[in-house]
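>>> For reference, the sequence and a predicted model appear below.
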Amino acid sequence: GGTQAPRAVAEAVARVLGSAVANRGDVTRAERRADDAVGQCRSAIGDLLGLDPQGVVFGRSMTALTYEFSRTLAKTWRPGEEVVVTRLDHDANVRPWVQAAEAVGARVRFADFDPITGELAPEDIAGHLSANTRLVAVTAASNLIGTMPDIAAISALVHERTGALVYVDGVHATAHESVDVPASGADFWACSPYKFLGPHCGVVAAAPDLLATLSPDKLLPATDAVPERFELGTLPYELMAGTTAAVDFLAELAHLGVGTRRERLIAAYAALHQHERRLRDVLEPTLRNLPGVQVYSNAQRRTPTVLFTVDGWDSQALRAELAGRGINAPAGNFYAIECSRHLGLGDSGGVRVGLAPYTNEEDIERLLSGLRDLLL
């Protein structure tokens, strides 16, 4: 789910709100302060994702940005052409494409994942590709069950067979794994800073040359420059400053102290991966052995995200009981509604446990102890 923000992030947001800030420019200090917040944020996200900062588009949320990009890209689609989405994805990487395709008469094809293993293999998408494919939307990690498909293999397959674009929902993946967008082959990478210790906002990143080929709807006096042509209205400078602070905070998790920010981020994510994997290895064996518990997070490569149900328990009722014990383990489909239905859980989903940089052994034991009290 979302993460708690470090004090440094809150202070960065407050610092901008407490300063004189105007619309971006280079004449007054207030204008320059706003411009610096934007430039620093693009640079930070560029380091986080391993790409050109001039390809970083900032917006209200990943969902809002994906709707904008779906409408923009759909302008180039024709009736009979096709887009491919998957049942593993959060609906923010499904419904915008479905609705945009329907609006222009394009066809939508759904790629299924294995509901037992939770795996989405490249061949599951391959069967839906054709000469008419214009775009494939796929997640880098399921926010419901944690599955991490092989995005590099999927991107290579799509590009070689169809030349179509690949739009990746990296919201959940970016919180847990080091990202190199060019190496992934993705044409677009979407993520949300609030998933990695930042404020609530969204990002879509792509190569500037690719963004320059797209023509979004915008106001007449608004600039046609990239990436600004995709950013509607005045940017939230305070949230951009908070996002920069979150990236800087992440970069210091490994206490490396030397190297570029990109190098420190790579080291930090390696440490984060080790930390979360260790905690997952404490959590899962006991959880899977509790009576009546069924775990749906089974993919070989996945984030430390565990979805489960308990026989005889409504997931929302179980969530409420755990909350009363000081345990934040929410229940539902978490907007991954196609995924939840494909797992046989309908729209209700299950209880989800997500680990974060600040999760520790005490948190794990509190969860397991609470479940033991309820189930044993």
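The structure has been received and is ready for your questions. Numbers count the residues shown, from 1 in each chain.
>>> which one is the most centrally placed residue in the chain nearest to, not counting chain neighbours?
For the chain, the residue whose C-alpha lies nearest the mean C-alpha position (CA atoms, centre = their mean) is Val171; its distance is 0.4 Å. Counting by CB to CB, 6 or more residues apart in numbering, Ser192 is the residue found nearest to Val171 once chain neighbours are left out, at 4.8 Å. Quick note: C-beta positions are derived from backbone N, CA and C, even for glycine.
>>> thinking again about what came up before, state the distance from the residue nearest to the centre of the chain to Ser61.
10 Å (CB to CB, to the nearest Å).
>>> shared neighbours of these two, which are they?
Residues touching both Val171 and Ser61 (CB atoms under 8 Å, 6 or more residues apart in numbering): Ser192.
>>> where along the stretch 251-376 of the chain do the strands fall?
293-295, 305-310, 331-332, 350-354 (DSSP state E, counting those that start in this stretch).
>>> which other helices and strands contact the last one?
With contacts defined as 3 or more CB pairs under 8 Å, 6 or more residues apart in numbering; DSSP states H and E, the secondary structure elements packing on strand 350-354 are strand 305-310, helix 315-323, strand 331-332.
>>> Okay, strands next: where are they in the stretch 101-250 of the chain?
Using DSSP E, counting those that start in this stretch, strands in the stretch 101-250 of the chain cover 107-111, 133-139, 165-169, 188-191, 202-206.
>>> List the buried residues for the first one?
This means strand 107-111. 107-109, 111 (16 or more other CB atoms under 10 Å).
>>> quick one: average pLDDT of it?
Strand 107-111 shows an average pLDDT of 98 in the prediction.
>>> Could you check the angle it makes with strand 133-139?
Angle, strand 107-111 to strand 133-139, by axes from the mean of the first three to the mean of the last three CA atoms, to 10 degrees: 40 degrees.
>>> So which elements touch strand 107-111?
Checking 3+ CB pairs under 8 Å, 6+ apart, strand 107-111 ends up next to strand 82-86, helix 95-104.
>>> possible to save the ones you listed as JSON lines with distance to Ala299 and mean pLDDT?
As requested, the helices and strands packed on strand 107-111 are exported to JSON lines (distance: least, CB to CB, whole Å; pLDDT from 0 to 100):
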{"stretch": "strand 82-86", "distance to Ala299": "13", "mean pLDDT": "98"}
{"stretch": "helix 95-104", "distance to Ala299": "23", "mean pLDDT": "98"}
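>>> Any idea which of these gets closest to Gly46?
helix 95-104 (24.6 Å; CB to CB).
>>> Buried by neighbour count: which residues of that closest one qualify?
95-98, 100-101.
>>> Pull the most distant pair out of these.
Across the buried residues of helix 95-104 (CB to CB), the longest gap, 10.6 Å, separates Arg95 and Ala101.
>>> How about Ile151: what's its closest non-neighbour residue?
Ser184 (4.7 Å).
>>> by how many degrees do the lengthiest helix in the chain and strand 350-354 diverge?
Determined from DSSP state H, the single longest helix within the chain is helix 261-289. Counting by the same axes, to 10 degrees, helix 261-289 lies at 140 degrees to strand 350-354.
>>> which strands and helices sit next to helix 261-289?
helix 29-49, helix 237-251, strand 293-295, strand 305-310, helix 361-375.
>>> redo that, cut-off 10 Å
Judged by 3 or more CB pairs under 10 Å, 6 or more residues apart in numbering; DSSP states H and E, helix 261-289 is in contact with helix 29-49, helix 237-251, strand 293-295, strand 305-310, strand 350-354, helix 361-375.
>>> and the angle from the first one to helix 237-251?
Counting by the same axes, to 10 degrees, helix 29-49 points 40 degrees away from the direction of helix 237-251.
>>> C-terminal to helix 29-49, what's the next element?
strand 56-59 (DSSP states H and E).
>>> so how far is that following strand from its chain's centroid?
14 Å (CA atoms, centre = their mean, to the nearest Å).
>>> How about stretch 30-47?
22 Å.
>>> In JSON lines, list the helices and strands packed on strand 107-111 along with distance to Pro221.
Below are the helices and strands packed on strand 107-111 laid out as JSON lines (distance: least, CB to CB, whole Å):
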{"stretch": "strand 82-86", "distance to Pro221": "33"}
{"stretch": "helix 95-104", "distance to Pro221": "26"}
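>>> and the residue nearest to Val171, what is it in contact with?
By CB atoms under 10 Å, 6 or more residues apart in numbering, the contact list for Ser192 reads 2, 59, 61-63, 65, 92, 169-172, 174-175, 198-203, 243.
>>> picking up where we left off before, nearest to Asp180, out of the helices and strands packed on strand 107-111?
When the helices and strands packed on strand 107-111 are compared (using CB to CB), the closest one is strand 82-86, at 21.7 Å.
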